[in-house]
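show me the folded form of this:
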Amino acid sequence: MSGKNLEAALSHRIDRRKLIGTAAATAGALSLVRPSLSAAQDPVELTWGTWGNTGEIQRFQEYTDSFNAANPGIRMELIPSPNDGYDERLLTQLNGGSAPDLFYVGDGIISQLVKNNAVLDITDMLSGPNSMSKPEQFAGDLWGASVSPEGRYFGTTVDCNPLVLWYNRGLLREVGVTTMPADLYEAGQWNWQAFQAMCDQIRAAGRTPYVLPDWWAGRYGWTSSNAGKVYDAGQYVAHQDPKSVEAFQFIADNLASENFVYAGGLPEGQGDTVQMMSGQLGFISVGRWGLPLFKENPALDVDIVPNPTNTGNKLEPGPVAVAYISINAATEHPEEAFTYLTNFVSPAGQQFRLQGGGNAVPSIQGVEEVVLEGGLPEHAQYFIDARAGFAAYREEVGTPGLSTAIDDRMETFFLDGGDVQATLNEIAEMANTAIANGGV
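Numbers count the residues shown, from 1 in each chain. So this is what the prediction gives:
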């Protein structure tokens with residue numbers, strides 16, 4: 001997956017496409033699979049497209065070269081594309097018949113491509129004898145809208161990035177915290193009350209306690225940590241679910257007390273990662289994409305912990321950032337395209353892309369050791385624990401315009417305040433109307 005580059009990291013506006021990054025590829029070879037054609041024949045030529053910055057594209061090229069060397073019957077060509085405007089370009093290419101044979105798909109448009117029959121149904125191939133990435137091998141509930149309501153598969157996750165809380169241990173010690181969050185987590189005492197108490201101490205010392213992300217995972221990480229429901233039976237239900245209402249009230253109260261600061265209201269150039277790097281921020285919600293950036297500051301002593309819960313359970317499912325790889329329904333070579341796809345997302349393929357201090361987590365089981373390489377952060381195992389979470393809600397990202405409309409309404413609420421119940425009622429009416437009408 002495309003990683004979050006340094007320039008994007010220094011902005012408070014989070015591009016989810018850059019959050020869910022792939023790691024640095026290192027030397028290694030892909031597992032050989034049976035080529036679809038004999039090496040004596042001309043290879044089947046295919047293209048695959050993805051977004052990414054210069055460094056990421058170089059890593060993808062290394063992977064592509066390794067695949068081609070191991071599979072002489074197939075010749076893959078990487079077609080890179082900038083992050084900005086990727087969705088629009090892909091849709092234009094699909095409409096014009098010029099899209100690659102395979103391509104990365106963001107969670108915001110995968111449902112549209114499925115609905116329009118633009119991507120191939122890979123259910124049978126994914127479960128078939130030539131698959132190196134069967135559905136049951138993948139961790140967590142990360143399929144999102146890549147799986148139809150009928151249970152058909154139209155893409156797979158390329159890797160994943162569970163959101164966790166990164167925290168500045170040096171700052172916590174400075175403000176008087178004696179037991180670190182990871183220690184409380186191990187003792188089963190990492191809950192909302194413990195987190196809020198630390199935020200109180202940080203704020204009293206004149207620092208910023210926590211920045212609330214300005215995308216779906218920021219708000220729903222708190223509802224899930226309270227076992228709240230946001231959608232049920234295809235409807236938005238957060239407004240009538242007591243646990244979700246309680247979670248949004250918790251957010252509102254902490255924004256009012258300035259224990260939380262909303263990312264969407266931060267000045268340009270003074271985002272959460274900038275504050276973290278400068279030692280002014282206690283907690284930040286990011287995935288493993290934060291590792292390469294935070295390692296650049298040797299004076300920054302950071303570690304991670306899952307979101308605190310309010311249920312009495314040590315861990316609740318949390319949000320996981322993902323992107324998918326899908327096959328163009330118009331490809332003339334679906335079997336060969338699937339050979340590349342299943343290699344790419346297989347344990348061997350994800351290990352190749354993620355080993356060597358990378359910035360994502362395997363979405364498939366069996367190569368978790370790549371997350372623990374180098375021992376950074378100290379409790380890197382929590383990335384693996386938090387992987388048992390959920391992707392963006394199908395109802396939200398699968399209804400045209402709905403995710404953006406909810407983001408905008410929530411931003412007004414987070415910045416200007418208001419009544420929690422009235423706000424959720426308004427969102428429920430908007431969301432359920434949009435779901436019924438097929439769009440906002």
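
find the nearest non-adjacent residue to residue 287, please.
Nearest residue to residue 287, sequence neighbours excluded (CB to CB, 6 or more residues apart in numbering): residue 161, at 3.1 Å. Using the backbone N, CA and C atoms, a C-beta is placed for each residue, glycine as well.

just the element for the one you found, please.
Using DSSP states H and E, the element containing residue 161 is strand 161-162.

same question for residue 211.
strand 208-212.

I'd assumed residue 372 was in a helix, is it?
Yes: under DSSP: H, G, I helix; E, B strand; the rest coil, residue 372 falls within a helix.

check contacts around the residue nearest to it when sequence neighbours are not counted.
In space, and not counting its chain neighbours, residue 372 is closest to residue 380: 5.3 Å by CB to CB, 6+ apart. Residue 380 makes contacts with 304, 371, 372, as judged by CB atoms under 8 Å, 6 or more residues apart in numbering.

neighbour-wise, which one of these leads?
residue 304 (27 neighbours; other CB atoms under 10 Å).

so it versus residue 267, what's the distance?
Residue 304 sits 26 Å away from residue 267, going by CB to CB, to the nearest Å.

tell me which other helices or strands the helix or strand hosting residue 408 touches.
Counting by DSSP H and E, the element that carries residue 408 is helix 402-416. Applying 3 or more CB pairs under 8 Å, 6 or more residues apart in numbering; DSSP states H and E, one finds that helix 402-416 contacts helix 216-224, helix 242-256, strand 260-262, helix 394-397, helix 420-437.

can you do 6 Å?
helix 394-397, helix 420-437 (3 or more CB pairs under 6 Å, 6 or more residues apart in numbering; DSSP states H and E).

export those helices as TSV, with columns for mean pLDDT and distance to residue 300.
Converted to TSV, the helices and strands packed on helix 402-416 look like this (pLDDT from 0 to 100; distance: least, CB to CB, whole Å):
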stretch	mean pLDDT	distance to residue 300
helix 394-397	93	34
helix 420-437	98	35
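
which other residues reach the strand holding residue 161?
20, 287, 288, 289, 320, 321, 360, 383, 386, 387, 389 (CB atoms under 6 Å, 6 or more residues apart in numbering).

which residue is the nearest non-sequential neighbour of residue 283?
Nearest non-adjacent residue to residue 283, counting by CB to CB, 6+ apart: residue 210, 4.2 Å away.

that neighbour pairs with what?
Using DSSP bridges, the bridge partners assigned to residue 210 are residue 260, residue 283.

dihedrals phi and psi, the most centrally placed residue in the chain?
What sits nearest the mean C-alpha location of the chain, by CA atoms, centre = their mean, is residue 321, with 1.1 Å. Phi and psi for residue 321, reported as degrees, to the nearest 10, are phi -80, psi 130.

let me see the contact set for residue 365.
Residue 365 sits next to 137, 139 when contact means CB under 6 Å, 6+ apart.

and the gap between it and residue 346?
On the measure of CB to CB, residue 365 and residue 346 end up 11 Å apart.

residue 199 too?
Using CB to CB, one gets 42 Å for the distance from residue 199 to residue 346.

which one's more surrounded, these two?
residue 346 (23 against 20).

and the strands in the stretch 51-200 of the chain?
Residue ranges of the strands in the stretch 51-200 of the chain, as given by DSSP state E, counting those that start in this stretch, are 74-81, 102-106, 156-157, 161-162, 164-168.

so which of those strands is the most surrounded?
strand 161-162 (a mean of 30; mean count of other CB atoms under 10 Å).

quickly run through the sheet partners of it, with directions.
Taking DSSP bridges as the criterion, strand 161-162 forms sheet pairs with strand 320-321 (antiparallel).

tell me the first helix or strand C-terminal of the strand it pairs with.
Past strand 320-321, the next helix or strand by DSSP H and E is strand 323-327.

tell me how many other residues surround residue 130.
Residue 130 has 13 nearby residues by other CB under 10 Å.

do residue 194 as well
Neighbours of residue 194 using other CB under 10 Å come to 16.

doesn't residue 183 make contact with it?
No: between residue 194 and residue 183 there is no contact, the gap being 10.5 Å when judged by CB atoms under 6 Å.

so what's the backbone phi/psi at the closest residue in space to residue 107 that isn't next to it in sequence?
For residue 107, ignoring the flanking residues on the chain, the nearest one in space by CB to CB, 6+ apart is residue 392 at 4.6 Å. Note on residue 392: backbone dihedrals following degrees, to the nearest 10 are phi -60, psi 140.

any idea of the pLDDT on residue 392?
With respect to pLDDT, residue 392 scores 95.

how many neighbours does it have?
Around residue 392 there are 26 residues (other CB under 10 Å).

excluding its backbone neighbours, what's nearest residue 415?
Distance criterion CB to CB, 6+ apart; nearest residue to residue 415, sequence neighbours excluded, is residue 265 at 5.1 Å.

ok, that neighbour to residue 438 distance?
From residue 265 across to residue 438, the span is 33 Å (CB to CB).

compare the two (neighbour count), which wins?
Neighbour comparison, residue 265 and residue 438: the larger count goes to residue 265, with 15 against 10 (by other CB under 10 Å).

quick one, phi psi at the more buried one?
phi -100, psi 0.

outside of stretch 301-308, which residues touch it?
Taking CB under 6 Å, 6+ apart as the rule, stretch 301-308 contacts 164-166, 168-170, 181-182, 185, 190-192, 195, 221, 225, 294, 315, 318, 377-379, 382, 386.

that older thread, in TSV, list the helices and strands packed on helix 402-416 along with distance to residue 75.
Shown next, in TSV, are the helices and strands packed on helix 402-416 (distance: least, CB to CB, whole Å):
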stretch	distance to residue 75
helix 394-397	34
helix 420-437	43
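
okay, the ones you listed, which one's buried deepest?
Among the helices and strands packed on helix 402-416, highest average neighbours (mean count of other CB under 10 Å) belong to helix 394-397, with a mean of 22.

and that one, what does it pack onto?
helix 402-416.

hang on, the earlier thing: out of the strands of the stretch 51-200 of the chain, flag the one nearest residue 406.
Smallest distance to residue 406 across those (CB to CB): 16.8 Å, for strand 102-106.

would you mind measuring the gap between the ends of stretch 326-336?
13 Å (CA to CA, to the nearest Å).

likewise stretch 171-191?
Termini of stretch 171-191 sit 20 Å apart (CA to CA).

buried sites along it?
Buried positions in stretch 171-191, judged by neighbour count with 16 or more other CB atoms under 10 Å: 171, 172, 175, 177, 180, 181, 182, 184, 185, 190, 191.

do the same with stretch 81-92
So, applying 16+ other CB under 10 Å, buried residues of stretch 81-92: 81, 83, 86, 90, 91.
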